[in-house]
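Enquirer: Prediction below, plus the sequence it came from.
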Amino acid sequence: MNYSEAIRYIDDRFVSFQTVGRTAYRGGLEAIAAMCRRMGDPQHRYPTLHIAGTNGKGSVAHMLAAILQAAGYRTGLYTSPHLHDFRERIRIDGVPIPEEDVCAFLERHAAAMEQEGLSYFEMTTAMAFDCFARHEVEIAVIETGLGGRLDATNIITPLLSIITNIGLDHCDLLGDTIARIAGEKAGIIKPSVPVLIGETHPESRPVFVARAAACGAPITFADTCYTCTAKEEHGTYARYTLRRLADGAEATYDLDLTGDYQQKNLATVRTAVDLLRNGSPFVPGDEALHTGLRHAAASTGLRGRWQVIGQAPLTVADGGHNPAGLTETMRQLAACRYDRLYMIVGFAADKDLEHILAMLPTEAYYFFTQADSPRALPAERLAELGARHHLHGETAPTVNDALERARSLATPQDMIFVGGSFYLIAGIV
């Protein structure tokens, strides 16, 4: 089996959330636990950090992995989704696993995975756990896929559990209130394992505090430890000033992720480093902290977070796709200076589009398009819904067609924004 054959096999045999949506989500850990037992429970052979949350978990995972790499630790990183190549989901020291590893894993375990009835995400999780063990990583950063309590990654016992924030997303699967969604995310909290919460919210805080108390897990809220007091743009990176609330001490950090929403993620990462330094064998020094953050996206392959993909006109791509994430993105977009704004948008059909479309700027000119995914809402239907919210423009069959058309109309003083789905922007970043 070569790599192309392996990818065809994966796409044909395993049910993907990207392809079919909610029917790919199977609540329960029995299948992944049984598969890992067959493999000798590789997930227990190295320490882990476990990260959940509605938004920001990918950025936090990549930042922490970059810091640990810079400190000299052999670091595994498991995230989703991938933008171009399946192997992006499983990285060691920032490098996607070799094609041969994917092929070899399938040749060893395909029959067992089919017997256990694994989903696409469960299969990928099993592969990541096995790969990290085989390559003898010293620590692995593991991002949940969806939720937490019943997420396939939730068979690990980490050094630290991190929940970045809670927002309304995947409500049909996780619950329709902040408290209910928090209850699902809180499922990653383990007995006696410290837990870090990125943002304090009046509805989610009691849920997390109660779960942590029941588990005897020390709990910390990052926004009571650090706050970002300033941000300065410096071309391809931004300089953030963090204030430690305990004593008022300030420090600056350069980060090659320039979205304004990274201020909250940076406070979470900085607090996580303190917790690791004070309660684990992993003690990244200040040099590793600064170096890792300065090259966080570059050293771990992170893309699609307020990513500048062109100048004159300024062209930005961002994968934010739920109301909480888009609120932050639209706030930064509103602060940008331009003569005219062109918006290229496409969404999954199962999103809360009435809420989302009401958030978008009505003065922009729109290109309604769709990702190459069965879950994508057809461009024509999106244009119809957009018109109800006073969003006007034209349709384009693909994001590349939309971008070419927008660039043909825009002047150097204009701005083009591309967003609504990671699957959409995968075609251009």
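Expert: Arrived safely.
Enquirer: Could you list the low-confidence segments of this protein?
Expert: 16-27, 168-173, 175-176 (pLDDT under 70).
Enquirer: Centre-most residue in it?
Expert: residue 58 (2.8 Å; C-alpha atoms, centre = their mean).
Enquirer: which SS class is that one?
Expert: helix (DSSP: H, G, I helix; E, B strand; the rest coil).
Enquirer: Residue 418 now?
Expert: Residue 418 - assigned by three-state DSSP - is strand.
Enquirer: Might one say that residue 43 is in contact with residue 154?
Expert: No. Using C-beta atoms under 8 Å, residue 43 is not in contact with residue 154; the gap is 10.5 Å. For every residue, glycine as well, the C-beta is placed using N, CA and C.
Enquirer: still on that earlier bit, list the contacts of the residue nearest to the centre of the chain.
Expert: For residue 58, the contact set (C-beta atoms under 8 Å, 6 or more residues apart in numbering) comprises 79, 143, 302, 305.
Enquirer: Between those, which sits nearest residue 124?
Expert: residue 79 (10.3 Å; C-beta to C-beta).
Enquirer: can I assume that closest one is in contact with residue 145?
Expert: No. Judged on C-beta under 8 Å, residue 79 makes no contact with residue 145 at a distance of 9.2 Å.
Enquirer: those helices in the stretch 51-200 of the chain, which residues are they?
Expert: 57-70, 99-116, 120-134, 171-174, 178-185 (DSSP state H, counting those that start in this stretch).
Enquirer: ranges for the helices of the stretch 201-350 of the chain?
Expert: Under DSSP H, counting those that start in this stretch, the stretch 201-350 of the chain gives helices at 205-215, 262-279, 286-294, 296-300, 323-335.
Enquirer: Can you check which of those gets nearest to residue 28?
Expert: So among the helices of the stretch 201-350 of the chain, helix 205-215 is nearest, using C-beta to C-beta, at 19.4 Å.
Enquirer: helices and strands around the strand or helix carrying residue 382, which ones?
Expert: Element membership of residue 382 [criterion: DSSP states H and E] is helix 379-388. Secondary-structure packing of helix 379-388 (3 or more C-beta pairs under 8 Å, 6 or more residues apart in numbering; DSSP states H and E): helix 353-357, strand 365-368, strand 392-395.
Enquirer: chain center to that helix, what's the gap?
Expert: Counting by C-alpha atoms, centre = their mean, to the nearest Å, helix 379-388 is centred 27 Å from the centre of its parent chain.
Enquirer: Dump it to PDB, keeping only the CA atoms.
Expert: Taking Å, rounded to 0.1, in the frame of the first residue of the first chain, the C-alpha atoms of helix 379-388 are listed here in PDB:
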ATOM      1  CA  ALA A 379     -23.300  29.200  -2.700                       C
ATOM      2  CA  GLU A 380     -26.600  30.100  -4.200                       C
ATOM      3  CA  ARG A 381     -28.500  29.200  -1.000                       C
ATOM      4  CA  LEU A 382     -26.000  31.200   1.100                       C
ATOM      5  CA  ALA A 383     -26.500  34.200  -1.200                       C
ATOM      6  CA  GLU A 384     -30.300  33.900  -0.600                       C
ATOM      7  CA  LEU A 385     -29.800  33.800   3.200                       C
ATOM      8  CA  GLY A 386     -27.300  36.700   3.000                       C
ATOM      9  CA  ALA A 387     -29.800  38.900   1.100                       C
ATOM     10  CA  ARG A 388     -32.200  38.500   4.000                       C
END
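Enquirer: Name the residues of that helix that are buried.
Expert: Judged by neighbour count using 16 or more other C-beta atoms under 10 Å, the buried positions of helix 379-388 are 379, 382-383, 385-386.
Enquirer: do the same with stretch 148-165
Expert: Those would be 148-156, 158-165, for stretch 148-165 by 16+ other C-beta under 10 Å.
Enquirer: Equivalent analysis for stretch 2-14, please.
Expert: 3, 6-7, 10, 14.
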